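> Could you look at this predicted model? Sequence included:
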Amino acid sequence: MATFKDFRNKVKPNWCPGCGDFSVLAAMQRAFANQGLNPEDVMLVSGIGCSGRISGYMNAYGFHGIHGRALPIAQGLKLANRDLTVVVAGGDGDGFAIGMSHTIHAIRRNMDITYIVMDNQVYGLTKGQTSPRSDVGFKTKSTPDGSIESSIAPLEMALTAGAGFVAQGFSTNLKQLTRLIQEGLQHKGFSLINVYSPCVTYNKINTYDWFKEHLVNLDEDEGYDPSNRMMAMQKLMESNGLVTGLIYRNENRKSYEEQIPGFREMPLTKQDVKIGKEEFEDLLTEFA
Amino acid sequence: MIKQLSWKVGGQQGEGIDSTGEIFSTALNRLGYYLYGYRHFSSRIKGGHSNTKIRISVHPIRAVSDDLDILVAFDQETIDLNAYELHSSGVVLADSKFNPSLPEKVAARLISIPFTKIAQDIGLAQMKNMVAVGASSALLGLSKEAVQEVIEEKFSRKGQAVVHKNMQAIGEGFQYIFQETGGPLKEFQLAPSDGKKRLYMIGNDAVALGAIAAGARIMAAYPITPSSEIMEYLIKRLPQFGGTVVQTEDEIAAISMVVGANYGGVRALTASAGPGLSLMTEAIGLSGMTETPAVIVNTQRGGPSTGLPTKQEQSDINAMIYGTHGEIPKIVIAPSTAEECFYDTIQAFNLADKYQCPVVILTDLALSLGKQTVNPLDYDQIKIDRGKMITDSKDLKELDNSELFERYQLTDDGISPRVLPGVKNGLHHVTGVEHNEVGRPSEHAANRKQMMEKRLRKLQEGIDFNDPVYIQATYEQPDALIVGINSTRGVIGEAIKMLEKDGLSVNHLHIRQLLPFPTEIVKAHVEKAKKVIVVENNATGQLANLLKLYVGMSEKISHVGKYDGTPFLPSEVYHQCKELFVHGHV
């Protein structure tokens, strides 16, 4: 059986020392191994940005696409081969700026895909510009006087779009993050896991210490019921999204693949696609 | 007896103009006549003038005619807008309801028939269409049964009562003509057809059918005129083959899904028109850079921007060749008939798999939506070639710890073995960033150079495409060579016949493989001709400029353009080419 080490490769990440993304990579490797997956079972599709490089650091099948389009690429892959464990990882700019529309529609569509956002509330690879997750007043190269746009609340947005699985982790809590990713992998449908993954170079406000001070861990809240959508929404609003843990899970919602008319259990990629002569002649009658 | 005639039905959009043409033409197709139909419509659902013109012939035809024999009018506007096309022995069949009258200078005969009244008496005003079909059939001397057979089939799902009423409507329209004219008019008596069974379809149907035959099982697309029929057909038919269509949030998602699905090992396509193709260009580059097959259909319409969404144009030629930043190997093919749409689509998927690159199937509105006779499609010509694809780990050597499969192995032909995700010992990484042989990002100058050359090498020696051009080279040293692309094939053919009557010798070349450009073949024909005239539906002469770029000899290449949204008529091509002979310019 594969262990988390089997998901490691020899490539040295080009992330800054102390970057939150190292822990996300480690949590993913552990979650895959814990789920009994082998490297060839995992298809990791990543976006563009610092975090998007993650597919190159994982010993699995990796597709590093174009900015903002990791989700549609992953959905095409999942339709082609539903046996693959398709995981998408990218940054907040990738998922909530350029790719926002794909995020909402992937949630609506509900294919069995796990989406991990490495949220550092800033643009790192382009060297420090504001992100849709930056707080009002956040000063960057592109907002020298502070951001005047409101920050996106991705988890509330996911709930309103009909998400069946919403969770949030924090880079330093490897144990919780690994568990959340595993729960996401187990969920039959689209799962969104937003991870606070601090940028130590360009975000001097939302630091490790800042998060430790502000984050509330829902695992420690006995009264919290993640099957209650209304409670989830209220909790997110009250805390301004500063919570970790499983926020919402609806186990009754069917995945997209389960609802496609005529879609078979056997992955499309393994089916014989040569059309029979009779079937072909039959198609032609419509035009006769 | 005549060899061909033209029939047109017009009225307000949403009035059932399409179904009138549909029933009438299905009957004629079954009787063995060759047909070519073109719809004039607007970018709205209800209202606005709309018409369908159908040409009926005992010989193959692929163009609308200049003139008109029979005009069926459901409103006065139809007469006012179209009666000028009628020749002097033409007939207008008009609904008595609006007290029809002919414009002063039109010599045609007006027959006023109470279409609506007859239909209402049977029970439903909408059936005025069927009364018109009955009347038209009677004028041509078709058997009532031929039309009624179609009704039986098309309406049987709606129950016997509906079938019966429609039959009655056809019958009464038929009878009305007999009372009015004493039976079929001699001038419209069509020569008998060869009676052979053929198909009648639009280019979009042929592309969709070709995709299924090629084994494509996933389509991702965003609705747009004039490509939506491809999506609609596949939504209806793919489930029986285990496949599916995803209506995406935009065209960027559509092409990205297609890249993902193809990477996963399933043949997938998207279809759109100009605005959608503009959005797709970045991901087409991704397909080229990651060497992932992708098939993209562009049913050209009037551009730029939203342009003329429901009108004919051929102005995306440059965009399809040059679109996408950077340099990638790309294939662009351009079928010119519905039949070619079918076979070329199958070839497009084979080319995409073989060369591991994007393949654009370029059509135009007149080809996509124009309905034409197609010879029975040949099952035995359906061949599937997946290229250097590996689906089984037995065909792979064991990988050592964290070693990767060389997805971008440097080979003589530039094409590397491709393994599908999920296969053991095939582990690899792909990226749109410049990469090395195992797909890891690499910016080294030497690596960049060899990878760029590897990708471009794939198409350098030309491609394995059956028919790069259509050629009608009657003359060894013609006065002129007329060059076209897509739907103008028929219209150029007819114009050449007219020019020949004037004593001119003219050859015809239609480009079917646009990229890589078939320079040698085209050059040979250009060299032989005294003059080259490129006929194209755009303002700047995009195809003519390509010819000049690839084959040179600019001084003898000129172009005839049309960009008002309507397809060329045979006489227009004839007159403009003639001008070039007389004055040397248009």
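Here it is on my side, so go on.
> domains in chain B, as residue ranges please.
B:4-197, B:201-381, B:469-583 (automatic domain parsing).
> mind checking how far residue A:11 is from residue B:296?
33 Å (CB to CB, to the nearest Å). Heads up, the C-betas are built off the backbone N, CA and C, glycines and all.
> And these two? Which one has more around it.
Neighbour tally, residue A:11 and residue B:296, criterion other CB atoms under 10 Å in any protein chain shown: the higher count belongs to residue B:296, 28 against 15.
> residues near the nearest residue to the more buried one once chain neighbours are set aside, how many?
Of all residues not flanking residue B:296 in the chain, residue B:360 sits nearest, at 5.1 Å (CB to CB, 6 or more residues apart in numbering or on different chains). Counted with other CB under 10 Å, the neighbours of residue B:360 add up to 25.
> Packing partners of whatever helix or strand residue B:360 lives in?
Per DSSP states H and E, residue B:360 falls inside strand B:358-364. When contacts are defined as 3 or more CB pairs under 8 Å, 6 or more residues apart in numbering or on different chains; DSSP states H and E, strand B:358-364 packs onto helix B:203-213, helix B:274-290, strand B:294-300, helix B:317-322, strand B:331-333, helix B:338-355.
> Run through who's touching the fifth one.
Around strand B:331-333, the neighbours that count as contacts under CB atoms under 8 Å, 6 or more residues apart in numbering or on different chains are B:320-321, B:344, B:347-348, B:351-352, B:355, B:357-362, B:459, B:463, B:465, B:512-516.
> Go again with 7 Å.
Contact with strand B:331-333 is made by B:320-321, B:344, B:348, B:351, B:355, B:357, B:359-362, B:463, B:465, B:512-515, as judged by CB atoms under 7 Å, 6 or more residues apart in numbering or on different chains.
> measure the residue lying closest to residue B:456 once chain neighbours are set aside to chain A for me?
Excluding the flanking residues, the one nearest residue B:456 by CB to CB, 6+ apart is residue B:329, at 5.8 Å. Plainly put, residue B:329 is 18 Å away from chain A if you go by CB to the nearest CB, to the nearest Å.
> try residue B:382
7 Å.
> Now that we're looking at residue B:327, what pLDDT does it have?
pLDDT, residue B:327: 98.
> Now do the SS call for it.
Under DSSP: H, G, I helix; E, B strand; the rest coil, the three-state class of residue B:327 is coil.
> Could you give the number of residues near it?
12.
> Direction-wise, compare the strand holding residue B:360 with helix B:338-355 and give the angle.
170 degrees (axes from the mean of the first three to the mean of the last three CA atoms, to 10 degrees).
> just to revisit the earlier point, my read: the residue nearest to residue B:296 touches residue B:299, true?
No. Counting by CB atoms under 7 Å, residue B:360 sits too far from residue B:299 to count as a contact (11.2 Å).
> Can you name the residues that contact residue A:80?
If you count contacts by CB under 7 Å, 6+ apart, then residue A:80 has A:268, A:269, B:218, B:261, B:264, B:265, B:266 around it.
> what about the residue nearest to the first one when sequence neighbours are not counted, distance to residue A:188?
On the basis of CB to CB, 6+ apart, the spatially nearest residue to residue A:268 that is not a chain neighbour turns out to be residue B:266, at 4.7 Å. From residue B:266 over to residue A:188 the distance is 22 Å, taken as CB to CB.
> With neighbour numbers in mind, choose between those two.
residue B:266 (26 against 15).
> Make JSON lines from the helices and strands packed on strand B:358-364 and add mean pLDDT to it.
As requested, those are arranged in JSON lines below (pLDDT from 0 to 100):
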{"stretch": "helix B:203-213", "mean pLDDT": "98"}
{"stretch": "helix B:274-290", "mean pLDDT": "98"}
{"stretch": "strand B:294-300", "mean pLDDT": "98"}
{"stretch": "helix B:317-322", "mean pLDDT": "98"}
{"stretch": "strand B:331-333", "mean pLDDT": "98"}
{"stretch": "helix B:338-355", "mean pLDDT": "98"}
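> Adding distance to residue A:192 as columns, could you present these in JSON lines?
Formatted as JSON lines, these follow (distance: least, CB to CB, whole Å):
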{"stretch": "helix B:203-213", "distance to residue A:192": "33"}
{"stretch": "helix B:274-290", "distance to residue A:192": "23"}
{"stretch": "strand B:294-300", "distance to residue A:192": "28"}
{"stretch": "helix B:317-322", "distance to residue A:192": "36"}
{"stretch": "strand B:331-333", "distance to residue A:192": "38"}
{"stretch": "helix B:338-355", "distance to residue A:192": "33"}
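> I'd like to know which of those lies nearest to residue A:84.
Between residue A:84 and the helices and strands packed on strand B:358-364, the tightest spacing by CB to CB is seen for helix B:274-290, at 17.2 Å.
> quick one, what contacts residue A:172?
Going by CB under 7 Å, 6+ apart, residue A:172 touches A:23, A:208.
> what kind of secondary structure is it in?
Looking at residue A:172 with three-state DSSP, the answer is coil.
> can you pull the pLDDT of residue 152?
You didn't pick a chain, so chain A it is. 96.
> Sorry, I should have been clearer: chain B.
So, for residue B:152, pLDDT stands at 91.
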